[in-house]
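Trainee: Make a model of this:
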Amino acid sequence: MTAASFDVQRRRLLGWGVLGAGSAAALAAFPQIAAFAADAADFIRGPKVPDVAPTRLGPHTYVIYAADGFPTEANKGMMSNVTFVVTQKGVVILDSGASVQIGEMAIRQIKTVTDKPVIAVFNSHYHGDHWLGNDAFVTAYGKDLPIYAMEHTRKEILGNTGTEWEQAMLKWTNQSTAGTRIVAPNTDVKHGDTFDYGDVTIRLHHYGTAHTPSDLCMEVVQDKVTYVGDVMMNRRIANMDEGSFPGSLAYMDALEKNIPGSNWLPGHGHAGREVMAWQRELFTAIWEHAQKAARDMAGPDAAIAAAKADPRVASKAKETLGWDNNIGKYISLAYLEAEQKG
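Mentor: Model (predicted):
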């Protein structure tokens, strides 16, 4: 079935989800209609996401790694890491994934490690690959499950951004994420907040605009692991449309100063103490060439050519997913920021 025909069927079947009192009575009177409605509900859900076994990063911290950096029909939207922390009081989720199906897969994997319930979810920022999985956790553990994020993140998800991401994931995955509901964070947090989960403390960090204006990093204190969302990536190209290159460099400096020796766990790519050095070198080189091209009024093409020729940038081309399709835009955004800053 093509994406277009699937969407037509989906829209027709969604009509069964809006039932008045009379329709509900009809379902009760005619079991075959009720059965059809149940089948329709199953039909409009995307397929199950294959299990990905968790990797242990510390005594309490596990990550379900995403192999790809971009959502496709093949990976069913599994493009960002889902992290969970097993504490004395229960399981804490650090970013819930890009769909209800991914969240459900994460719950299956958590149960291979512990029988403790999920007691909290943290969302690092408002890009949908990091929070659309909230749906699965609220469905499994109750509508009162605390979902923490910065105020700006919560408002973006409740506004047009949330809907745009929900629709974009459907498009990019050829409807594989169908059935995912928008479930926004329900509790605002801020820089410096700490959460005591018995044997584990989670401390929150925010140092201004980096990938977005409201990036939240979560330090798992006892494990010396810090989940950094998209402030850093490991061999991936970030979306910097709403971000800042100098802001990202300043953010990394603040993290290094305040959490020395941490194991940096990105939302995309594998964890490691070298992740910050990789990201900083790339951003430093791009920003230097963007600033020079802006000062010389040479235009973005000059910035792109100079940056791509820099060994600090060129050396990363072969090992970075999505490089050829995205590096030009990446550098252009740095040039525009440098031009605006004068």
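Trainee: for the stretch 101-250 of the chain, what spans make up the helices?
Mentor: 134-141, 151-158, 160-172, 245-258 (DSSP state H, counting those that start in this stretch).
Trainee: between the helix or strand harbouring Ala285 and helix 245-258, how many degrees?
Mentor: Ala285 is part of helix 275-295, with elements assigned from DSSP states H and E. Interaxial angle of helix 275-295 relative to helix 245-258 (axes from the mean of the first three to the mean of the last three C-alpha atoms, to 10 degrees): 150 degrees.
Trainee: quick revisit: show me the one of the helices of the stretch 101-250 of the chain that comes nearest Pro50.
Mentor: helix 134-141 (15.4 Å; C-beta to C-beta). C-beta here means a position set from N, CA and C on the backbone, and glycine is covered the same way.
Trainee: the inter-axis angle of that closest one versus helix 151-158?
Mentor: Using the same axes, to 10 degrees: helix 134-141 against helix 151-158 is 90 degrees.
Trainee: quick one: buried residues of helix 134-141?
Mentor: Neighbour-count burial for helix 134-141, counted by 16 or more other C-beta atoms under 10 Å, picks out Asn134, Asp135, Ala136, Phe137, Val138, Thr139, Tyr141.
Trainee: quick one: contacts for the first one?
Mentor: Spelled out, it's Asn134. With contact taken as C-beta atoms under 8 Å, 6 or more residues apart in numbering, Asn134 is in contact with Ser96, Gly103, Val121, Asn123, Ile147, Val183, Ala184, Pro185.
Trainee: Also the second one?
Mentor: In this structure, Asp135 makes contact with Ser99, Val100, Gly103, Thr180, Arg181, Ile182, Val183, judged by C-beta under 8 Å, 6+ apart.
Trainee: I'd like the average pLDDT over stretch 278-289.
Mentor: Averaging pLDDT along stretch 278-289 yields 98.
Trainee: How far does it sit from its chain's centre?
Mentor: Distance of stretch 278-289 from its chain centroid, counting by C-alpha atoms, centre = their mean, to the nearest Å, is 23 Å.
Trainee: And stretch 259-266, by the same measure?
Mentor: Taking mean C-alpha positions (C-alpha atoms, centre = their mean), stretch 259-266 and its chain are 18 Å apart.
Trainee: before we move on, the earlier item: which of the contacts of Asp135 sits closest to Thr212?
Mentor: Of those, the one sitting nearest to Thr212 (C-beta to C-beta) turns out to be Ile182, at 17.7 Å.
Trainee: Could you check how far the closest residue to Val63 other than its chain neighbours is from Ala250?
Mentor: Distance criterion C-beta to C-beta, 6 or more residues apart in numbering; nearest residue to Val63, sequence neighbours excluded, is Thr83 at 4.8 Å. Distance, Thr83 to Ala250, by C-beta to C-beta, to the nearest Å: 24 Å.
Trainee: Which of the two has more residues huddled nearby?
Mentor: Neighbours per residue (other C-beta atoms under 10 Å) separate Thr83 from Ala250, with Thr83 holding more: 29 against 15.
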